[in-house]
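Novice: next come a sequence and a model predicted from it.
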Amino acid sequence: MALVLPSRWPVLGLGRAATLQAHRAGWFAATLLAAFLAAHEPARAADAAPAADDVVQLLTRIQQAARKQDYAGVFMYQQGETIQSSRLVHVLDGTGERERLEILDGQPREYLRHNDDVQCLIPERKTVLIERRRGDRFPGLLLGDAANLPENYKIRAEPALHRVAGRECRLITIEPLDKLRYGYRLCADVETNLLLKAQTLNAARGVVEQVSFTSLRLGPEVDPQLLTSRWSTRDWKVLEPSMKPVDLAAQGWRIPAPKGFKTVMQVARSMGRGATVSQMVLSDGLAAISVFIEPYDSQRGHRPPHGAAQRGSITVYGTRIADFWLTAVGEVPVATLEQLAESTEYVPAAGSK
């Protein structure tokens with residue numbers, strides 16, 4: 001599941017020790033009280049938790065909620081020790097979906113989306129990058145048909161209700177049936193089915209990545225004027241990388257998809273200076289893997305170097321194959337990408353260069 005990627009590639013000061021001790025004592029007492037109440041008051045159950053056969057349909061409704069409702073809010077994205085906040089506005093009008101995503105931390109970035117067309121605003125370079133992007137970003141969820149998910153995941157809805165951003169939500173756990181992929185823990189709004197929180201879990205059920213709304217407005221509370229960018233791009237440079245379909249197998253590439261993953265896209269991208277990078281995207285409906293192939297250049301080197309690198313749920317694996325450099329990037333464990341990359345072969349057709 002592609003949740004949110006930040007870009008492409010609390011300290012409380014108290015004046016006196018007595019004040020600090022008082023705050024600690026108050027916090028400790030409040031914690032004890034909360035624990036006591038939690039132990040003696042059962043969690044509120046959902047009025048009608050979905051049956052096992054209906055959970056897949058619930059995931060589909062979560063996806064539809066992200067596309068077919070008006071909402072605006074701030075969400076926090078945590079990847080390892082990195083935390084980033086973003087402001088999101090999503091509105092439906094007569095032309096379809098419109099969305100504005102503003103990154104609030106670090107270098108200013110804005111993403112303005114109209115259906116599948118996205119403008120990425122890069123203020124420090126006065127540049128607008130035009131691209132087409134799949135619609136799976138938070139609070140979107142699915143990359144394919146949810147009906148096939150039970151082949152690779154065990155999915156269940158928990159009976160107890162939780163709260164996120166002041167709203168009641170239903171907890172859904174998605175456990176992988178093998179070690180090739182991560183698990184997920186979701187919380188979907190009871191009233192609207194909008195995804196409020198998503199966590200990516202490793203094999204030990206530790207959280208490696210999470211994203212969650214901290215404030216949220218829905219329906220008539222959303223002002224369409226919030227879609228307007230704060231940047232004037234009248235004199236900015238506009239870049240639109242060329243992209244065309246490609247058949248990597250016909251070119252001689254044998255890329256073994258991990259079990260449960262299917263090819264959803266194959267394109268060649270022009271990267272400037274005459275360089276072309278081919279890309280294959282694989283998905284199991286939740287997780288995605290991108291395989292990038294470019295000519296090997298011994299002069300400039302490659303980043304990352306050979307082998308794996310990982311940050312949060314994102315793994316990168318690079319290796320040289322013949323006269324090419326392959327980079328695999330995916331929301332999967334290291335072993336999954338290593339197996340894919342090291343098993344890939346290039347067998348050019350007779351007479352090809």
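Specialist: Structure received.
Novice: low pLDDT regions in the chain?
Specialist: 1-53, 133-136, 271-274, 300-304, 350-353 (pLDDT under 70).
Novice: quick check: domain ranges of it?
Specialist: 42-227, 241-346 (automatic domain parsing).
Novice: export those domains to a markdown table and tack on mean neighbour count and distance to residue 235?
Specialist: All C-beta spots, glycine's among them, are computed from the backbone N, C-alpha and C. Formatted as a markdown table, these follow (neighbours: other CB atoms under 10 Å; distance: least, CB to CB, whole Å):
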| stretch | mean neighbour count | distance to residue 235 |
| --- | --- | --- |
| domain 42-227 | 17 | 7 |
| domain 241-346 | 17 | 21 |
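Novice: of all those, which lies closest to residue 233?
Specialist: domain 42-227 (5.4 Å; CB to CB).
Novice: can I get the domains of the chain in a markdown table with distance to residue 233?
Specialist: Below are the domains of the chain laid out as a markdown table (distance: least, CB to CB, whole Å):
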| stretch | distance to residue 233 |
| --- | --- |
| domain 42-227 | 5 |
| domain 241-346 | 18 |
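Novice: tell me which of the ones you listed sits nearest to residue 234.
Specialist: Taking these one by one with CB to CB, domain 42-227 is closest: 10.2 Å.
Novice: now the closest one, how far from the centre of its chain.
Specialist: On the basis of CA atoms, centre = their mean, to the nearest Å, domain 42-227 sits 8 Å off its chain's mean C-alpha point.
Novice: helices of the chain, start to end?
Specialist: Using DSSP state H, the helices of the chain run over 17-40, 55-68, 334-343.
Novice: and the shortest one, what does it pack against?
Specialist: Put plainly, it is helix 334-343. strand 288-295, strand 307-311, strand 314-321, strand 324-330 (3 or more CB pairs under 8 Å, 6 or more residues apart in numbering; DSSP states H and E).
Novice: angle of that helix against strand 324-330?
Specialist: 160 degrees (axes from the mean of the first three to the mean of the last three CA atoms, to 10 degrees).
Novice: residues contacting helix 334-343, please?
Specialist: 179-181, 255-258, 289, 291, 308, 310, 315-319, 326, 328-330 (CB atoms under 8 Å, 6 or more residues apart in numbering).
Novice: angle of that helix against strand 307-311?
Specialist: Helix 334-343 runs at 150 degrees relative to strand 307-311, counting by the same axes, to 10 degrees.
Novice: quick one: the strands in the stretch 101-250 of the chain, in order.
Specialist: 109-114, 117-122, 127-132, 153-164, 167-176, 183-189, 195-201, 207-218, 237-239, 243-245 (DSSP state E, counting those that start in this stretch).
Novice: make JSON lines from those strands and add distance to residue 139 to it.
Specialist: Shown next, in JSON lines, are the strands of the stretch 101-250 of the chain (distance: least, CB to CB, whole Å):
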{"stretch": "strand 109-114", "distance to residue 139": "14"}
{"stretch": "strand 117-122", "distance to residue 139": "17"}
{"stretch": "strand 127-132", "distance to residue 139": "20"}
{"stretch": "strand 153-164", "distance to residue 139": "11"}
{"stretch": "strand 167-176", "distance to residue 139": "11"}
{"stretch": "strand 183-189", "distance to residue 139": "9"}
{"stretch": "strand 195-201", "distance to residue 139": "4"}
{"stretch": "strand 207-218", "distance to residue 139": "8"}
{"stretch": "strand 237-239", "distance to residue 139": "28"}
{"stretch": "strand 243-245", "distance to residue 139": "27"}
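Novice: which one of those lies closest to residue 69?
Specialist: Using CB to CB, those put strand 207-218 closest to residue 69, at 6.8 Å.
Novice: re the thing from before, looking at the helices and strands packed on helix 334-343, which is closest to residue 115?
Specialist: The nearest among the helices and strands packed on helix 334-343, by CB to CB, is strand 288-295 at 20.0 Å.
Novice: show me what that closest one is in contact with.
Specialist: 1-2, 136, 143, 248, 253, 255, 258, 261, 271, 275-283, 323-332, 336-337, 340, 344.
Novice: in its sheet, what does that strand sit against?
Specialist: strand 276-283 (antiparallel), strand 324-330 (antiparallel) (DSSP bridges).
Novice: list the contacts of the longest one.
Specialist: Residues from elsewhere that reach strand 276-283 (CB under 8 Å, 6+ apart): 143-144, 246, 248, 251, 255, 257-258, 261-271, 288-294, 330.
Novice: residue 76 touches residue 198, doesn't it?
Specialist: No. Counting by CB atoms under 8 Å, residue 76 does not reach residue 198; the two are 11.6 Å apart.
Novice: what's the overlap in contacts for the two?
Specialist: Residues touching both residue 76 and residue 198 by CB under 8 Å, 6+ apart: 211, 212.
Novice: who touches stretch 106-113?
Specialist: 6-7, 84, 97-103, 118-124, 133, 227, 229-231.
Novice: could you do stretch 254-273 as well?
Specialist: Applying CB under 8 Å, 6+ apart, the set of residues contacting stretch 254-273 is 143-144, 151-152, 178, 180-181, 241-248, 276-284, 287, 289, 291, 294, 332, 336, 339-340, 343-347.
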